[in-house]
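1. Could you look at this predicted model? Sequence included:
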Amino acid sequence: MASKPKLYYFCGRGRMESIRWLLAAAGVEFEEEFLETREQYEKLQEDGRLLFGQVPLVEIDGMTLTQTRAILSYLAAKYNLYGKDLKERVRIDMYVDGTLDLMLTIALAAFSAPEDREKAQASIVQKAKTRYFPAFEKILKDHGEDYLIGNKFSWADIQLLEAILMVEELDAPVLSDFPLLKAFKTRISNIPTIKKFLQPGSPRKPPPDRHYVETVRRVLQF
Amino acid sequence: MAGKPVLHDFNGRSRMESIRWLLAAAGVEFEEKFITCPEDLERLKNDGLLMFQQIPLVEMDGMKLVQSRAILNYIATKYNLYGKDMKERLLIDMYTEGILDLYEIVSRLPRTPPDQIDSKTALIRDRTKNRYFPVFEKVMLKSHGQDYLVGNKLSRVDILLVELLYLVEEVDVSLLADFPLLQALKTRISNLPNVKKFLQPGGQRKPRATQKVIEEARKIFKF
């Protein structure tokens, strides 16, 4: 039988977190190897496992995968979370591109100078409230269904929940003007695989802290 | 029959440019509606056409498509430029993401403040020669004389890589010198009839940005 997927990354969210969410939501157990030293990273490079010298790295189905979006698309298709046809897939792509952009700005803000971080985070919350959340609130309002696309659970729903929770960590009442997103958040959080992922002890990682930032800087030398 | 795709964009190189290349290579005729002033952009926003208030926007097959990756994925799938199965698609995606990372750095160069140009150019040289081009040269080498990067068949990643090769040459023409197989790919793709037409004067490829064009874009998009 196939072995579990194995994830190579820092012990934190960064660009790997969306992959953890997707695997968890699909009910797929996985292993993780955490990068703590420069030597570990250099060994991965020397072994030729990092196509462009970068992590995330995921070993799955006998393959060595890098590039976050490529990995996510592959997993979404593999676990039937990518819609039923091309028209649904393009809508999923539009939505996940938007939420991924938002989440990557949050991940990058952790690396800004302390004096700039508050401003960066305020700007992110503002974007969420004026650009992203209104768009998704409207989608849910227009079709009145439980999921974003095709009345079926998909990658887009997983990623929107992930993004909502991340922005709430920056501004707890951020959903106050978005009643449908509030209901969506509750609904998706209660899906059994996701509920399990949201409990303590799961592979879900905490928000980036100073230790995480220092580790990444040390391993990647920047 | 559905009409031609309509591209809403600034009249210059932007995130739409790779979409133009892909449509052209697929032999798909398209129309362009240019945003020439802030009011044009406001109107698109107010009409609810821009899901995340951003361009590019492509109207196609009865849909209003935004997010350049989503648009490229759709076009590539529709016109059979995305490999024959999940594994080929995965390889294409991995290569594409690498290309897009370098593309992002290179395409921002015209907008870089003068005091940062040298360091940004040095970064481009380093990434090009040490991180990205060697990977693709090796892919072509290992394919034993095949003409394309994946599956011995033209796909979106050949077109995107060649677009990037042109951009890198504009920064420093010597950067391609150590990569003969990439140069050969560039020549081969450029000679495909649809691509040749796109690259000729009068074709829809957009020229390199001048300072004037960048200033106009700044006024409209406020960056």
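-> Alright, I've got the coordinates. Numbers count the residues shown, from 1 in each chain, chains lettered A, B, ... in the order given.

2. who's in contact with the worst-scoring helix or strand of chain A on mean pLDDT?
-> None of the helices or strands of chain A scores lower by mean pLDDT, DSSP states H and E than helix A:114-127, at a mean of 94. Helix A:114-127 is contacted from outside by A:Leu102, A:Thr105, A:Ile106, A:Ala109, A:Ala110, A:Ser112, A:Val167, A:Leu170, A:Asp171, A:Val174, using CB atoms under 8 Å, 6 or more residues apart in numbering or on different chains. C-betas here are computed from N, CA, C, even on glycine.

3. Determine how far the very next helix or strand once past it lies from the middle of the whole chain.
-> Downstream of helix A:114-127, the next assigned helix or strand under DSSP states H and E is helix A:133-143. Chain-centre distance of helix A:133-143: 21 Å, with CA atoms, centre = their mean, to the nearest Å.

4. okay, now residue 113: neighbour count?
-> With no chain named, the answer covers chain A. Neighbours of A:Ala113 under the rule other CB atoms under 10 Å in any protein chain shown: 7.

5. The chain in question should be chain B.
-> 7.

6. longest helix in chain A, by residue count?
-> When chain A is parsed with DSSP state H, its longest helix is helix A:86-109.

7. Name the residues of that one that come out as buried.
-> Using 16 or more other CB atoms under 10 Å in any protein chain shown as the test for burial, helix A:86-109 gives A:88-103, A:106-107, A:109.

8. So the residue nearest to B:Val6 when sequence neighbours are not counted, which state does it fall into?
-> Of all residues not flanking B:Val6 in the chain, B:Glu59 sits nearest, at 4.3 Å (CB to CB, 6 or more residues apart in numbering or on different chains). What DSSP: H, G, I helix; E, B strand; the rest coil gives for B:Glu59 is strand.

9. Let me know the pLDDT of the spatially closest residue to A:Leu57 that is not a sequence neighbour.
-> Using CB to CB, 6+ apart and skipping the chain neighbours, the partner closest in space to A:Leu57 is A:Tyr8 (4.0 Å). Here the pLDDT value assigned to A:Tyr8 is 98.

10. Can I take it that A:Tyr8 is in a strand?
-> Yes - counting by three-state DSSP, one finds A:Tyr8 located in a strand.

11. Check which residues of the least confident helix or strand of chain A are buried.
-> Buried, per 16+ other CB under 10 Å, within helix A:114-127: A:Ala120, A:Gln121, A:Ile124, A:Lys127.

12. of those residues, closest to B:Asp178?
-> Relative to B:Asp178, the closest of the buried residues of helix A:114-127 is A:Ala120; by CB to CB it sits at 39.2 Å.

13. neighbours around residue 47, how many?
-> Picked chain A for this. When neighbours are defined as other CB under 10 Å, A:Asp47 has 9 of them.

14. My question was about chain B, not that one.
-> By the measure other CB under 10 Å, the count of residues near B:Asp47 is 9.
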